[in-house]
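Participant: sequence first, then the predicted structure:
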Amino acid sequence: MSLVNFTAREITCKLVYYGPGRSGKTTNLQYVYGRVPEGRRGRMVSLATQTDRTLFFDFLPLELGSISGFTTKFQLYTVPGQSYYNATRKLVLQGADGVVFVADSQARRFDDNLESLQNLQDNLLSQGVDVRQLPVAFQYNKQDLPRDLILTPEEMDDALNFRAVQSFSADALHGSGVFETLRGISEQVLKRLAAGTQVA
Amino acid sequence: MSAAQVALDRVTRVPGVRGALIASSTDGLVVAEQLMDGVDGRAAAALTGSLVARLARTTAGAGLRAPVFLHLRGEGGSILAAPGTDGLVLVAVAGPEANVGLARLEMLNAAGRLG
Amino acid sequence: MRALEPWVEAPLQAFLAESAARLTLLMTSSGQVVAQHGFGRSLDVMTAAALGAGIVASTEELARLMGAPKFEALVHHGGHQSCLLAAFATPRGRWIGLVVFGQETSVGIVQLFFDQLVQQLTDSAPREQAPAPRLAENFEHELDASLRALFGR
Ligand SMILES: Nc1nc2c(ncn2[C@@H]2O[C@H](COP(=O)(O)OP(=O)(O)OP(=O)(O)O)[C@@H](O)[C@H]2O)c(=O)[nH]1
Ligand SMILES: [Mg+2]
């Protein structure tokens, strides 16, 4: 849950990048890390296997700056996408203020996306969180791949985005859509905070 | 009975001694203890262990040999400590009426055999 | 030393004085920083908190899987520096303490005064949480401007 501190005038929000294995969650954070000025970001930590698969999480702290006199910070996490790591995925998901679901647009990964989305709902539910109450944004990644290999953003929306929440098409490897997604989820989370539903 | 238990037994038998323990002076943890109710062994081990380690550093810095016995007298009683080998310290918590002389003898004797 | 809430300061100050710890970090169980001493950059503190909370969460889960009671504290003994990691209950929910200390003190001392810190935090936590003031009316408007500034669009 976001921590709003009125004494120190600080807001801290936890954003979690979720999705099936190899969909590009870590790539999103790496791109953000490479593009945000040094004074606005901390070290990026990646707890990964030797083959660069996320083992526990990636973590990147960002400072958004001051909003209405509140220093606003984001903590970006990724989960390990491989189904094997569900226990650690649950731990990382705990206390998330918003979730970016990074889907792999390749047609052959269709079932993996669905399975991961179902897994997200199950894990949230087991933590007493209703997915309908949580800010969520979809990112349809790898849109740079050849047309015949991927589904269009519209097709992805039809398959995954039942509640018609925000969605973005992206090519995280080259950066398109990465900041749009981050901006979208940040806005949702902070607006929800401003509406007073979650001020702690 | 282990050497540690024998040592603790002999010290706690001294009249007025409320408990004894063996602490590691490097990490301040309890290695073995025999205490009356109400004596906080963890605190005694941590604080005495740290005191002994500091004193040893101080005397070494002054070119002296490490202390062999410590008697810390307070209003309600005393803390006695006898550093042994291997970074172990024998610690006794004694009431105001305790026979400190006898306790000292037993402790020096036992401390020599620790480790 | 820096604490988000003023009532945490005195107990933490006492702990620092008694334990001679080099670094101390208090965080919530989801890794949000509550107070810290000894860190340089505030963004690095967040990283340490995320890692600490991750370790506690995974050891607790491990304990649960093995049917063992929760670990009280995790101590990592290093040659020059050691580290203590422990979760505890406060009136504000479950918190975690991360303490890095050197050879000028000992794990026994750190643990002893850490327990005292936990007790003092429990005692000095304000009984009622002050009703949360609302974020200012112009928050949403300024939010738009800040997002534009950071993301450049
Ligand atoms: N073509 C293309 N490749 C991408 C894109 N995003 C990521 N990749 C590649 O996909 C592979 C997996 O990316 P990661 O970011 O490691 O995937 P992940 O979701 O973190 O995977 P796990 O850690 O296993 O959950 C890497 O080889 C990336 O370079 C993209 O938009 N387009
Ligand atoms: Mg990854």
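Facilitator: Arrived safely. Ligands and ions are numbered 1, 2, ... in the order given.
Participant: going forward, measure contacts and count neighbours with C-alpha atoms only.
Facilitator: Will do.
Participant: packing partners of the longest helix anywhere in chain C?
Facilitator: Assignment by DSSP state H gives helix C:42-65 as the longest helix of chain C. Packing partners of helix C:42-65 (3 or more Cα pairs under 8 Å, 6 or more residues apart in numbering or on different chains; DSSP states H and E): strand A:54-67, helix A:86-93, strand C:23-28, strand C:33-37, strand C:81-90, strand C:93-102.
Participant: rebuild those as a markdown table, extending it with mean neighbour count.
Facilitator: A markdown table is the format used below for the helices and strands packed on helix C:42-65 (neighbours: other Cα atoms under 10 Å in any protein chain shown):
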| stretch | mean neighbour count |
| --- | --- |
| strand A:54-67 | 23 |
| helix A:86-93 | 20 |
| strand C:23-28 | 23 |
| strand C:33-37 | 21 |
| strand C:81-90 | 19 |
| strand C:93-102 | 20 |
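Participant: low pLDDT regions in chain B?
Facilitator: Where chain B drops to pLDDT under 70, the residues are B:1, B:115.
Participant: could you rerun that using 90?
Facilitator: B:1-7, B:25-27, B:36-39, B:53-54, B:56-57, B:65-67, B:74-76, B:84-87, B:110-115 (pLDDT under 90).
Participant: which residue packs closest to residue C:85, ignoring adjacent ones?
Facilitator: residue C:98 (4.6 Å; Cα to Cα, 6 or more residues apart in numbering or on different chains).
Participant: quick one, the longest helix of chain C and strand A:54-67 angle?
Facilitator: 140 degrees (axes from the mean of the first three to the mean of the last three Cα atoms, to 10 degrees).
Participant: and whichever helix or strand comes after helix C:42-65, what does it pack against?
Facilitator: Note on helix C:42-65: by DSSP states H and E, the next helix or strand toward the C-terminus is strand C:74-76. On a contact count with 3+ Cα pairs under 8 Å, 6+ apart, strand C:74-76 meets strand C:81-90.
Participant: and the contacts of the strand it packs on?
Facilitator: C:29, C:52, C:56, C:72-77, C:94-103, C:107, C:118, C:121-122, C:125 (Cα atoms under 8 Å, 6 or more residues apart in numbering or on different chains).
Participant: then stretch A:98-116?
Facilitator: Here stretch A:98-116 has contacts from A:14-20, A:22-25, A:81, A:83, A:117, A:134-143, A:145, A:149-153, A:156, A:159-160, A:181, A:185-186, A:189, using Cα under 8 Å, 6+ apart.
Participant: check whether it comes near ligand 1.
Facilitator: No - Stretch A:98-116 is not in contact with ligand 1 by Cα under 6 Å from any ligand atom; minimum separation 7.4 Å.
Participant: between the two ends of that stretch, what distance do you get?
Facilitator: End-to-end distance for stretch A:98-116: 16 Å, by Cα to Cα, to the nearest Å.
Participant: quick check: residue B:7 vs chain C, distance?
Facilitator: 22 Å (Cα to the nearest Cα, to the nearest Å).
Participant: what's the burial count for that residue?
Facilitator: Counted with other Cα atoms under 10 Å in any protein chain shown, residues neighbouring residue B:7 total 23.
Participant: picking up where we left off before, between the helices and strands packed on helix C:42-65, which gets nearest to ligand 2?
Facilitator: strand A:54-67 (4.0 Å; Cα to the ion).
Participant: with just CA atoms, put the closest one into PDB.
Facilitator: Taking C-alpha atoms only, strand A:54-67 is exported to PDB below (Å, rounded to 0.1, in the frame of the first residue of the first chain):
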ATOM      1  CA  THR A  54      14.400 -13.200 -13.100                       C
ATOM      2  CA  LEU A  55      14.700 -15.400 -10.000                       C
ATOM      3  CA  PHE A  56      13.200 -13.200  -7.300                       C
ATOM      4  CA  PHE A  57      12.700  -9.700  -8.600                       C
ATOM      5  CA  ASP A  58      14.200  -6.600 -10.300                       C
ATOM      6  CA  PHE A  59      13.900  -3.400  -8.400                       C
ATOM      7  CA  LEU A  60      14.300   0.200  -9.500                       C
ATOM      8  CA  PRO A  61      13.500   3.200  -7.300                       C
ATOM      9  CA  LEU A  62      12.500   6.400  -9.100                       C
ATOM     10  CA  GLU A  63      11.900   9.900  -7.900                       C
ATOM     11  CA  LEU A  64       9.100  11.600  -9.700                       C
ATOM     12  CA  GLY A  65       9.700  15.000  -8.100                       C
ATOM     13  CA  SER A  66       7.500  17.100  -6.000                       C
ATOM     14  CA  ILE A  67       3.700  17.200  -6.400                       C
END
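Participant: go ahead and confirm residue C:37 touches residue C:26.
Facilitator: No - using Cα atoms under 8 Å, residue C:37 is not in contact with residue C:26, being 9.1 Å away.
Participant: tell me which residue in chain A sits closest to chain B.
Facilitator: Nearest residue of chain A to chain B (Cα to the nearest Cα) works out as residue A:47 at 30.9 Å.
Participant: SS state for that residue?
Facilitator: strand (DSSP: H, G, I helix; E, B strand; the rest coil).
Participant: and it, what does it touch?
Facilitator: A:54, A:55, A:56, A:57, A:58.
Participant: farthest pair within those?
Facilitator: A:55 and A:58 (8.8 Å; Cα to Cα).
Participant: okay, now residue B:85: neighbour count?
Facilitator: 12.
Participant: am I right that it is in contact with residue B:68?
Facilitator: No - Residue B:85 is not in contact with residue B:68 according to Cα under 8 Å; the separation is 10.7 Å.
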